[in-house]
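In: return a 3D structure for these sequence lines:
(one chain, ligands or ions: 1)
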Amino acid sequence: MGKLVLRTKLCDMLGIEYPILSAGMGPNLLGEETGAPVDLVVAVSEAGGLGVLGASGYSIGEMRDAIREIKSRTDKPFGVDILLPKNIVELEEGAGSGETPLSELLRSLPQGHQDWIKKVLADLDLPEVDIMVKMDTTTLRPREAIKVCLEEKVPLFCAGLGNPGFMVEEAHANGIKVLAITGNTKNARRMAQSGIDLLVAQGHEAGGHTGRIGTMALVPACIDAAYPVPVLAAGGIGDGRGLAAALAMGCVGVWVGTRFLATEEAGALDVIKKHIVEASDEDTRVSTMFTGKTLRSITSKFHTLWDESGLEPLPFPLQMLVSSYLLAAFIRANKEEYVGAFAGQVSGLIKDIKPAREVLEEMVGEAVDILQHRLPENVITS
Ligand SMILES: Cc1cc2nc3c(=O)[nH]c(=O)nc-3n(C[C@H](O)[C@H](O)[C@H](O)COP(=O)(O)O)c2cc1C
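Out: The predicted model follows:
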């Protein structure tokens, strides 16, 4: 059989073969390997999609190194995803440099949160841990991170949080396309008007930070709200059926997270990949426990502890200090049932860990089959 063809306007815009982007997925909260590291980016881009580096937990230097490594390993287009918190200036003024022990940072948190951490350690007989926290991550220094992306002329800049409209002009001057992500039509309209090139409409089903509107309702509404900016669908897309449905709704492509997290090249810990494969569609939930913003992950005993604490989450990204400390302790004590992977409802559809190329090729093959054969066989239109 010859090479499959599945092209949309997105392929022409980005110079890629298939309209599939692997989503930017930042590191676990311990700052260990990012969910979407160089290996995954290269694999997806080489397979004809577009791989997006999850750079939200990298230091500025690590991000630059990763970008250069991608360039040395593929000449295909790729993307870089960072988060643009609302309070950028405040964060950057407060950010230090180098690394600081997490235990030291915890002392600046409200007493109630500190006491709760101590109680959990005591109740579960967890070890005291000390991990070092990077103080110059792209999330804490987004303006510096943007500068590096401009200097490196990354083909696609992706803002996982916030509106990147303010940097579009400079990006375009450097030949860079800009993508933003929304979970509602209000932001879709606002972002589209700010000059971005591509918009991802990400539904409630999605892994990681997520909004309240389901993908099926959100996507067509965002296509209307963002017109003429092209829209990609995200949230719950794990195979060719999801891809074909997104294209049928009028999307130019898809932005896929959880399915690519469960691949050989993704950077997630093995225990995280295992949880995704074992999870059913009912095994994820949304909580503010991890970052202070609504975030979907596999349900774990950590959720129960947090729900029972009666505490309010700290604003993003401060809540990450609380959850990171406890996650480190759970992992150190091998308490897997407390370690919930960031993952979407589509986990229920994922039964194996395989190479990213295989995921992509199967997705394309199934979508082509649906569009060419299954739909015409199933549906009578005249
Ligand atoms: C482990 C994990 C980490 C994520 N980290 C980020 C991130 O750093 N930046 C971002 O824009 N989105 C992040 N996301 C969201 C994804 O980019 C994407 O929008 C989402 O996974 C799509 O839904 P799906 O998981 O159903 O495919 C993350 C998702 C997961 C599963």
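In: can you tell me the closest non-neighbouring residue to G48?
Out: E17 (3.4 Å; C-beta to C-beta, 6 or more residues apart in numbering). Heads up, the C-betas are built off the backbone N, CA and C, glycines and all.
In: and that neighbour, what does it touch?
Out: 7, 11, 48-49 (C-beta atoms under 8 Å, 6 or more residues apart in numbering).
In: list the buried residues of stretch 139-151.
Out: 139-142, 144-146, 148-150 (16 or more other C-beta atoms under 10 Å).
In: so how far is I380 from the closest residue to F166 other than its chain neighbours?
Out: Nearest non-adjacent residue to F166, counting by C-beta to C-beta, 6+ apart: S194, 7.6 Å away. As judged by C-beta to C-beta, to the nearest Å, S194 and I380 stand 43 Å apart.
In: of these two, who's got more company?
Out: Comparing S194 with I380 by other C-beta atoms under 10 Å, the one with more neighbours is S194, at 16 against 6.
In: right, and the more buried one touches G165 too?
Out: Yes - look at S194 against G165 with C-beta atoms under 8 Å: they come within range, at 2.5 Å.
In: show me which helix or strand of this protein is least confident by mean pLDDT.
Out: Ranked by mean pLDDT, DSSP states H and E, the helix or strand of the chain with the weakest confidence is helix 88-94, at a mean of 51.
In: what number of residues lie near A192?
Out: For A192, using other C-beta under 10 Å, the count is 22.
In: all strands of the stretch 251-382 of the chain, in order?
Out: Remark: strands assigned in the stretch 251-382 of the chain by DSSP state E, counting those that start in this stretch are 253-256, 284-287, 295-298.
In: for the stretch 101-250 of the chain, just list every one of the helices.
Out: In the stretch 101-250 of the chain, the helices defined using DSSP state H, counting those that start in this stretch lie at 102-106, 111-123, 142-152, 168-173, 185-193, 215-226, 240-249.
In: any chance of those in TSV, plus distance to the ligand?
Out: Converted to TSV, the helices of the stretch 101-250 of the chain look like this (distance: least, C-beta to the nearest ligand atom, whole Å):
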stretch	distance to the ligand
helix 102-106	19
helix 111-123	23
helix 142-152	12
helix 168-173	17
helix 185-193	13
helix 215-226	8
helix 240-249	9
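In: okay, those helices in CSV with mean pLDDT next?
Out: Formatted as CSV, the helices of the stretch 101-250 of the chain follow (pLDDT from 0 to 100):
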stretch, mean pLDDT
helix 102-106, 88
helix 111-123, 96
helix 142-152, 96
helix 168-173, 98
helix 185-193, 98
helix 215-226, 98
helix 240-249, 98
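In: G54: which of these is closest?
Out: helix 142-152 (12.6 Å; C-beta to C-beta).
In: identify the residues contacting that closest one?
Out: Contacts of helix 142-152 (C-beta under 8 Å, 6+ apart): 55, 60, 63-64, 67-68, 71, 80, 82-85, 88, 91-92, 136, 138, 157, 167, 170-171, 174, 176.
In: how does it look with 6 Å?
Out: Outside of helix 142-152, the residues within contact range by C-beta atoms under 6 Å, 6 or more residues apart in numbering are 60, 64, 67, 80, 82, 84, 88, 138, 157, 167, 170, 174.
In: ok, which of the helices of the stretch 101-250 of the chain comes nearest E264?
Out: The nearest among the helices of the stretch 101-250 of the chain, by C-beta to C-beta, is helix 240-249 at 20.0 Å.
In: for the closest one, buried residues please.
Out: So, applying 16+ other C-beta under 10 Å, buried residues of helix 240-249: 240, 242-247, 249.
In: which pair in these spans the largest distance?
Out: Across the buried residues of helix 240-249 (C-beta to C-beta), the longest gap, 14.9 Å, separates G240 and M249.
In: surely G51 is in contact with F78?
Out: Yes - the criterion here is C-beta atoms under 6 Å, and G51 meets it with F78 at 5.2 Å.
In: joint contacts of those two?
Out: Counting by C-beta under 6 Å, 6+ apart, the shared contacts of G51 and F78 are 41, 45.
In: so for the two, which sits in the more crowded spot?
Out: Taking neighbours as other C-beta under 10 Å, G51 and F78 compare with G51 leading, 33 against 27.
In: and that one, that one's in a helix?
Out: No - judged by DSSP: H, G, I helix; E, B strand; the rest coil, G51 forms no part of a helix; its state is strand.
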